[in-house]
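Chemist: This is a predicted model, with the sequence first.
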2 protein chains.
Amino acid sequence: MEKNLVPISRTEDIGLDDACGRVLAESIVANIDVPPFDRSAMDGYAVRAEDTYEASQSAPIRLKVVEILQAEESSSKSVAKGGCIQLSTGCKIPDGADSVLMYENTEKEGEEILIYKPVHPGENVSKRGSDLRMGETVLREGEPLNPARIGVLSALGISHVRVYDKPSVAVIPTGSELTEVGSPLSGTKVYDINTHTLVSIVKDSGGIPVRFDIVPDERDEMKRALGKALASDLVILTGGSSVGERDLIYSVLADEGQILFHGIQVKPGKPTLGALVGKRIVLGMPGHPTSCLSNAYLFLIPILRKLARLPERKMPRLKAKLARRVVSTLGRRVFLTVKLVDQEAMPVFKESSAITSMAEADGYIVIPENVDTLEKGDLVDIYLFS
Amino acid sequence: MEKNLVPISRTEDIGLDDACGRVLAESIVANIDVPPFDRSAMDGYAVRAEDTYEASQSAPIRLKVVEILQAEESSSKSVAKGGCIQLSTGCKIPDGADSVLMYENTEKEGEEILIYKPVHPGENVSKRGSDLRMGETVLREGEPLNPARIGVLSALGISHVRVYDKPSVAVIPTGSELTEVGSPLSGTKVYDINTHTLVSIVKDSGGIPVRFDIVPDERDEMKRALGKALASDLVILTGGSSVGERDLIYSVLADEGQILFHGIQVKPGKPTLGALVGKRIVLGMPGHPTSCLSNAYLFLIPILRKLARLPERKMPRLKAKLARRVVSTLGRRVFLTVKLVDQEAMPVFKESSAITSMAEADGYIVIPENVDTLEKGDLVDIYLFS
């Protein structure tokens, strides 16, 4: 499976303000120094540090203010012995000066200042290139862009970057019993739930969902939809809550490609089926809405993020005591939805087909295959839904 | 401040597949039962439970299979004493039957089955309305939509929902020393960083950024931009790394409205300034890029989420030992960026103006106002950047 999961290699240019959350497809080498000059980090006086060494509260030193600069101004004068230039944070340090005295440690008297405390060379100066140095690789191919990295690009004046494409993900609902939302229900039909939960998950995990119409449980129609879906980077078939439906999906995927895995035994629900058709990974997700969604959290999201070259998802977590005893199933990983009640984790699972088990939950806990019981009061890690 | 922070009340209709992450502006009452009929939760035989009570491994009971149904089919027949109907998961339970026997506990012999284990009434049946009951309020106004709640809407066949608008957020960069990315740098200008980091934060926190051109440090131009910006739901002015610039922003906001707060003393950087101009909250964020971004994480995101009616942000966190001693500043909350090195939190702060302090970090720790030193090895909570 791992070796068939090929991260996206297509790339696109994107504007800086749309780049947060995307993954860099190029390394960024600083083309300028940042700051581009020695810059004052304080409002104060640019001085030669050595002129201040003897200063003290009892014996202040006097310097002459030869110029006053505003924030964006720079000086054509230079600071000579006994002189200083008043400037603001961000100003270029004038020639001759090597440090900046804060107002707090000075007193003004006419055109002179009294200095009560020495500064050392470089004090309150942001040296040219101290943040980003020209020629230095400051961001690396493969790094996901977050607000701070967007800041690094901005600092270099870069308005567009090359990022990896978002993976496209075909979502094919299967099942003759399904009706699309918005249409009236008739007979023994039920609404298609999984397409919409999966589309939400795909978008949230850096993918572009490509929605297919509902495919009835017929071999030829399934093959036709699958053929079209192979244009996407990942294909998800969902359906098969009954053995017959599952067998059909299995047999279509085995016919058209090669079954790679049956996923991990998860409760609730059947494991996700994985196949390789052509060069595409095709996932057969279980039909029951809660099984589909729990498999999505456990398996689909990690796969999607690998395709998108995003790092493993860090879900917000919370430790809490279990509000009641839970009997699990040896040999199956259990995905148990819980609600926080009085700061305790209260299991809210109803049955695999009940979407409310999920909608009412604050998050889920995962009980490993080798654990058969959790006691009331046991400390559990809750993965919080957003 | 709190009382002036009015959550968005405008609403819009949105398609189900775009609704994840949005906040419901209406309560959802189930207009159908889900499941809409008593439904089989298993592949097996629909039976009258009482017909099976005497069944055991040694004395199996025989029932006649009167019909075989596919997934989407329903039966016009009813199950009478001594009979059963074979069906798939999801099938409507035929009249007369009250439970479903799993294949595993039966054996087929021609048109009959042998039953080795009794079932109780309701076993393996998802009762009509057991997931969602018609007339029940299943989602409430104000609830943020996540994949599972999208699933609830789908289960009811709802294709569009009414959600609250995303708040629009004007971002006004101020500073005569700023140059927009993409343009060449000249003289002692530097690139505008904060606009782009703030735009990224706003988008990520459920807002719609409205970018303004760079405004020089001039009262009239600032007032003009502010006037236009009041059309947005929130206004952010960024700039003012020098006292003169800060004074100007303060004085413009005091002229045009009313200063509400000066924020909390945060290190690095100056606190965020808050004003009320007309009915709009206007935030003056510090000019130094790291100060601006740390104030954004600490104050802007919570404000944005309140406006957007989103719950408090749950950031993924990690506990780690501090890799070295950190001396903090009493009376100021310290926002300290850290990198994970050998599973320890290594502080990476350089200086307020250095965006690399943030870009190289894996996250940040917050040192409260009343703590002056953290020792090497102290356990800290890292809020992880995405």
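Modeler: On my side now, so go ahead. Just so we're clear, the structure is a prediction, and the values are computed from it rather than from any experiment. Numbers count the residues shown, from 1 in each chain, chains lettered A, B, ... in the order given.
Chemist: The nearest residue to A:Ala275 once chain neighbours are set aside: what's it in contact with?
Modeler: In space, and not counting its chain neighbours, A:Ala275 is closest to A:Leu253: 3.9 Å by C-beta to C-beta, 6 or more residues apart in numbering or on different chains. Placement of C-beta: from N, CA and C, glycine included. Taking C-beta atoms under 8 Å, 6 or more residues apart in numbering or on different chains, we find A:Leu253 in contact with A:226, A:237, A:259, A:273, A:275, A:277, A:282, A:284.
Chemist: Which two of the residues you listed have the greatest separation?
Modeler: For the contacts of A:Leu253, the farthest-apart pair by C-beta to C-beta is A:Leu226 and A:Ile259; their separation is 13.9 Å.
Chemist: What is the nearest of the contacts of A:Leu253 to A:Lys203?
Modeler: A:Leu237 (18.8 Å).
Chemist: need the residues of the stretch 1-150 of chain A near chain B, please.
Modeler: A:16-17, A:19-21, A:32, A:34-37, A:39, A:41, A:43, A:70-74, A:88-92, A:126, A:130-132, A:138-139, A:144, A:146-150 (C-beta under 8 Å from any C-beta of the partner chain).
Chemist: Would you mind listing which of those are buried?
Modeler: Neighbour counting with 16 or more other C-beta atoms under 10 Å in any protein chain shown marks A:16-17, A:19-21, A:32, A:34-37, A:39, A:41, A:43, A:70-73, A:88-92, A:126, A:130-132, A:138-139, A:144, A:146-150 as buried within the residues of the stretch 1-150 of chain A next to chain B.
Chemist: Just the residues contacting the helix or strand hosting A:Ser291, thanks.
Modeler: Element membership for A:Ser291, per DSSP states H and E: helix A:289-295. Residues from elsewhere that reach helix A:289-295 (C-beta under 8 Å, 6+ apart): A:193-194, A:197-198, A:201, A:238, A:263, A:266, A:268-272, A:285-286, A:335, A:337, A:349, A:351-355, A:357-358, A:364, B:147-148, B:151, B:155.
Chemist: Quick one: classify the residue nearest to A:Ala275 as helix, strand or coil.
Modeler: helix (DSSP: H, G, I helix; E, B strand; the rest coil).
Chemist: ok so, going back, which of A:Leu226 and A:Ile259 has more neighbours?
Modeler: Using other C-beta atoms under 10 Å in any protein chain shown as the criterion, A:Leu226 and A:Ile259 rank with A:Leu226 on top: 27 against 15.
Chemist: what's near enough to touch the more buried one?
Modeler: A:Leu226 neighbours (C-beta under 8 Å, 6+ apart): A:172, A:235, A:237, A:252-253, A:256, A:277, A:282.
Chemist: For the stretch 201-350 of chain A, what lies in contact range of chain B?
Modeler: A:201, A:203-204, A:209, A:211, A:217, A:241-245, A:287, A:289, A:293, A:296, A:314-317, A:350.
Chemist: quick one: the helices in the stretch 251-386 of chain A?
Modeler: A:289-295, A:301-307, A:356-359 (DSSP state H, counting those that start in this stretch).
Chemist: Dump the first one to PDB, keeping only the CA atoms.
Modeler: By that I understand helix A:289-295. Output in PDB follows, covering the C-alpha atoms of helix A:289-295 (Å, rounded to 0.1, in the frame of the first residue of the first chain):
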ATOM      1  CA  PRO A 289     -22.400   6.200   8.000                       C
ATOM      2  CA  THR A 290     -20.600   5.900  11.300                       C
ATOM      3  CA  SER A 291     -18.400   3.100  10.100                       C
ATOM      4  CA  CYS A 292     -17.600   5.200   7.000                       C
ATOM      5  CA  LEU A 293     -16.800   8.200   9.100                       C
ATOM      6  CA  SER A 294     -14.700   6.400  11.700                       C
ATOM      7  CA  ASN A 295     -12.700   4.700   8.900                       C
END
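Chemist: Report the rounded mean pLDDT for it.
Modeler: The average pLDDT for helix A:289-295 rounds to 89.
Chemist: swap in the shortest one?
Modeler: Within the predicted structure, the mean pLDDT of helix A:356-359 is 85.
Chemist: Then the second one?
Modeler: Confidence over helix A:301-307, taken as the mean pLDDT, stands at 95.
Chemist: Pull out the buried positions in it.
Modeler: Going by 16+ other C-beta under 10 Å, helix A:301-307 has these buried residues: A:301, A:303-307.
Chemist: Packing partners of that helix?
Modeler: The elements that helix A:301-307 packs onto, with contact taken as 3 or more C-beta pairs under 8 Å, 6 or more residues apart in numbering or on different chains; DSSP states H and E, are helix A:194-204, strand A:234-238.
Chemist: Check the last one too.
Modeler: Applying 3+ C-beta pairs under 8 Å, 6+ apart, one finds that helix A:356-359 contacts helix A:289-295, strand B:137-139, helix B:147-155.
Chemist: Dump the ones you listed into TSV; add distance to A:Ala25 as well.
Modeler: TSV is the format used below for those (distance: least, C-beta to C-beta, whole Å):
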stretch	distance to A:Ala25
helix A:289-295	30
strand B:137-139	40
helix B:147-155	28
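Chemist: Which of these sits closest to A:Ser99?
Modeler: Using C-beta to C-beta, these put helix B:147-155 closest to A:Ser99, at 56.6 Å.
Chemist: can you pull the contacts of A:Arg246?
Modeler: A:240, A:270, A:273, A:284.
Chemist: what separates A:Ile301 from A:Arg10, distance-wise?
Modeler: Going from A:Ile301 to A:Arg10 by C-beta to C-beta, to the nearest Å gives 21 Å.
Chemist: pull the helix or strand with minimum mean pLDDT from chain A.
Modeler: strand A:266-267 (a mean of 76; mean pLDDT, DSSP states H and E).
Chemist: Look up phi and psi at A:Gly244.
Modeler: phi -60, psi -50 (degrees, to the nearest 10).
Chemist: Quick check: closest non-adjacent residue to A:Asp98.
Modeler: The spatially closest residue to A:Asp98, leaving aside those adjacent along the chain, is A:Pro121, at 4.6 Å (C-beta to C-beta, 6+ apart).
Chemist: ok, how many other residues are close to that neighbour?
Modeler: 11.
Chemist: circling back to that earlier point, return the subset of the contacts of A:Leu253 lying in strands.
Modeler: Secondary structure assignment by DSSP state E places A:237, A:259, A:273, A:275, A:277, A:282, A:284 of those in strands.
Chemist: contacting residues around the fifth one?
Modeler: When you say that, I think you mean A:Val277. Here A:Val277 is in contact with A:226, A:230, A:235, A:253, A:256-258 (criterion: C-beta under 8 Å, 6+ apart).
Chemist: Would you mind measuring from it to A:Asp233?
Modeler: Distance from A:Val277 to A:Asp233, by C-beta to C-beta: 13 Å.
Chemist: Can you tell me the SS state at A:Pro118?
Modeler: A:Pro118 - assigned by three-state DSSP - is coil.
Chemist: Could you tell me how many residues sit around A:Met222?
Modeler: By the criterion of other C-beta under 10 Å, A:Met222 has 23 neighbours.
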